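Engineer: predicted model and sequence follow; I will ask about them next.
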Amino acid sequence: MLISFKSALVTGGAGFIGSHLAEALLAGGCRVTVLDDLSSGNERNLPASAGELRFIRGDIRDRRAVENAVAGCEVVFHLAAVVSVPKTTQDPVGSAEVNEAGSLNVLDAARRAGARRFVFASSSAVYGDDPRLPKREDMAPKPLTPYAVQKLAVEYHARVYSGLFSLPSVSLRFFNVFGPRQDPSSPYSGVISIFMTKALTAGVPVIYGDGLQSRDFVFVGDVVQALIRAANSPGGPGKVFNVGTGRSVTIRALWEIVSALSGSSAKPVHEPPRPGDVPQSVSAIDAARTDLGFVPQVSFEKGLEMTIAWYRKTVLPEDIQ
Ligand SMILES: NC(=O)c1ccc[n+]([C@@H]2O[C@H](COP(=O)([O-])OP(=O)(O)OC[C@H]3O[C@@H](n4cnc5c(N)ncnc54)[C@H](O)[C@@H]3O)[C@@H](O)[C@H]2O)c1
């Protein structure tokens with residue numbers, strides 16, 4: 001994809017999604033700065049061909065570190081966050097210091113440095129348990145967790161900066177992102193990474209409730225496409241966009257596909273539904289299609305194949321790969 005800018009900051013660039021973005025930007029000829037404190041990311045994730053890559057190990061709460069990172073960057077992609085919803089419920093204040101105040105730090109540094117665009121990684125969590133489907137951006141948000149409130153607060157800040165301070169800002173509400181490099185060791189990781197780890201290590205997956213709850217799983221390469229389009233396109237500033245596929249898959253069907261791909265014959269164990277779990281979720285992506293030209297390219301099946309190939313290399317001991 002053509003990239004219309006020459007330099008970018010990726011906060012959270014040593015994480016799952018941020019590292020794929022950094023890689024795509026470098027491949028497109030962009031100079032990239034990554035700011036990451038490695039709290040849930042890992043330096044291993046950073047692209048190996050470090051030609052135009054500057055890595056700063058630092059915290060988005062640290063104004064100096066953020067100023068230093070933003071300097072000279074035309075576009076700021078802000079992905080760094082406490083990403084675990086349970087962590088934000090256990091520590092609403094500490095997580096807000098990162099997810100709200102830290103984000104405002106990045107937004108304001110971008111304004112002061114004269115950045116051309118700010119792109120924020122928000123979440124479908126802002127919709128909460130509104131039963132209407134598909135989720136559309138014009139529905140009233142119904143955040144149910146500190147994580148969702150924090151994401152929503154930053155969307156509002158970004159919109160205000162677009163209007164008040166002329167820093168064109170775009171927020172993207174990611175649905176369930178999956179792909180290589182999603183941390184398989186984290187208990188908070190997405191269901192796909194947990195299922196793949198179980199399938200490849202002869203483990204038994206847990207399904208909460210009847211397994212008929214559904215999610216809109218979007219491949220990380222398509223999320224990167226949306227992020228770059230949000231930075232490139234004239235149609236985005238001041239707005240929020242869903243980033244999903246517009247299709248949903250039940251958790252039960254997901255395990256069937258993962259077990260078929262991996263050869264696992266394990267039968268899932270059912271446990272009671274988790275409080276606060278949303279029964280169904282699927283995105284409407286018309287707005288992103290119209291304003292950003294976003295069209296998902298990778299089918300669910302193809303995305304799963306690429307992901308399981310990575311998990312085989314990462315999770316399995318070498319002698320049985
Ligand atoms: N993965 C998903 O399905 C999903 C869905 C919706 C939204 N998001 C959002 O997308 C973004 C990226 O998520 P991810 O899945 O790649 O998670 P991730 O944990 O792999 O990446 C987050 C990165 O932020 C870094 N970080 C955390 N706190 C920091 C701080 N104080 N200062 C500097 N760096 C810090 C971490 O070290 C990590 O590298 C997050 O903002 C997340 O909330 C992800």
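Structural biologist: Happy to help now that I have it.

Engineer: give me the below-cutoff pLDDT ranges for this protein.
Structural biologist: Counting by pLDDT under 70, the ranges of the chain that qualify are 50-51, 187-188, 317-321.

Engineer: helices of that one, start to end?
Structural biologist: Using DSSP state H, the helices of the chain run over 16-27, 63-70, 85-90, 92-96, 103-112, 146-164, 191-200, 220-232, 251-262, 286-287, 300-315.

Engineer: now for E74: which residues touch it?
Structural biologist: 5-8, 115-117 (C-beta atoms under 8 Å, 6 or more residues apart in numbering). No exception for glycine: its C-beta is placed from N, CA and C like everyone else's.

Engineer: wait, which of these is closest to the ligand?
Structural biologist: The shortest approach to the ligand among those belongs to A8, at 15.3 Å (C-beta to the nearest ligand atom).

Engineer: once you drop chain neighbours, what's closest to that closest one?
Structural biologist: Using C-beta to C-beta, 6 or more residues apart in numbering and skipping the chain neighbours, the partner closest in space to A8 is V75 (4.4 Å).

Engineer: burial measure for that neighbour, as a count.
Structural biologist: Residues lying near V75 (other C-beta atoms under 10 Å) number 26.

Engineer: and it, what does it touch?
Structural biologist: The neighbours of V75, taking C-beta under 8 Å, 6+ apart as the test, are 5, 7-9, 115-119, 231.

Engineer: can you redo the residues you listed as JSON lines with distance to the ligand?
Structural biologist: Output for the contacts of V75, formatted as JSON lines (distance: C-beta to the nearest ligand atom, whole Å):
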{"residue": "F5", "distance to the ligand": "20"}
{"residue": "S7", "distance to the ligand": "19"}
{"residue": "A8", "distance to the ligand": "15"}
{"residue": "L9", "distance to the ligand": "11"}
{"residue": "A115", "distance to the ligand": "18"}
{"residue": "R116", "distance to the ligand": "21"}
{"residue": "R117", "distance to the ligand": "17"}
{"residue": "F118", "distance to the ligand": "14"}
{"residue": "V119", "distance to the ligand": "11"}
{"residue": "A231", "distance to the ligand": "15"}
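
Engineer: quick check: the gap between H157 and S264.
Structural biologist: Going from H157 to S264 by C-beta to C-beta, to the nearest Å gives 44 Å.

Engineer: swap that for A148, please
Structural biologist: Computed as C-beta to C-beta, the A148 to S264 distance reads 33 Å.

Engineer: in the contacts of E74, which residue is surrounded by the most others?
Structural biologist: Going by other C-beta under 10 Å, A8 tops those with 29 neighbours.

Engineer: for S95, see how far away it is.
Structural biologist: Separation of A8 from S95 (C-beta to C-beta) stands at 26 Å.

Engineer: how much space between F178 and S162?
Structural biologist: Separation of F178 from S162 (C-beta to C-beta) stands at 30 Å.

Engineer: which residue of these two possesses the greater neighbour count?
Structural biologist: Legend: neighbour count by other C-beta under 10 Å for F178 and S162, higher for F178 (25 against 20).

Engineer: tell me what that one is bridged to.
Structural biologist: Assessed by DSSP bridges, F178 has beta-bridge partners F219.

Engineer: which residues touch it?
Structural biologist: F178 makes contacts with 190, 192-193, 217-220, 303-304, 307, as judged by C-beta under 8 Å, 6+ apart.

Engineer: and if we set it to 7 Å?
Structural biologist: Contact partners of F178, counting by C-beta atoms under 7 Å, 6 or more residues apart in numbering, are 190, 192-193, 217, 219-220, 303, 307.

Engineer: so which of those residues are also by the ligand?
Structural biologist: Among these, the residues lying close to the ligand (C-beta under 6 Å from any ligand atom) are G190.

Engineer: closest to F294 out of the contacts of F178?
Structural biologist: Using C-beta to C-beta, F219 comes nearest to F294 of the contacts of F178, at 12.8 Å.
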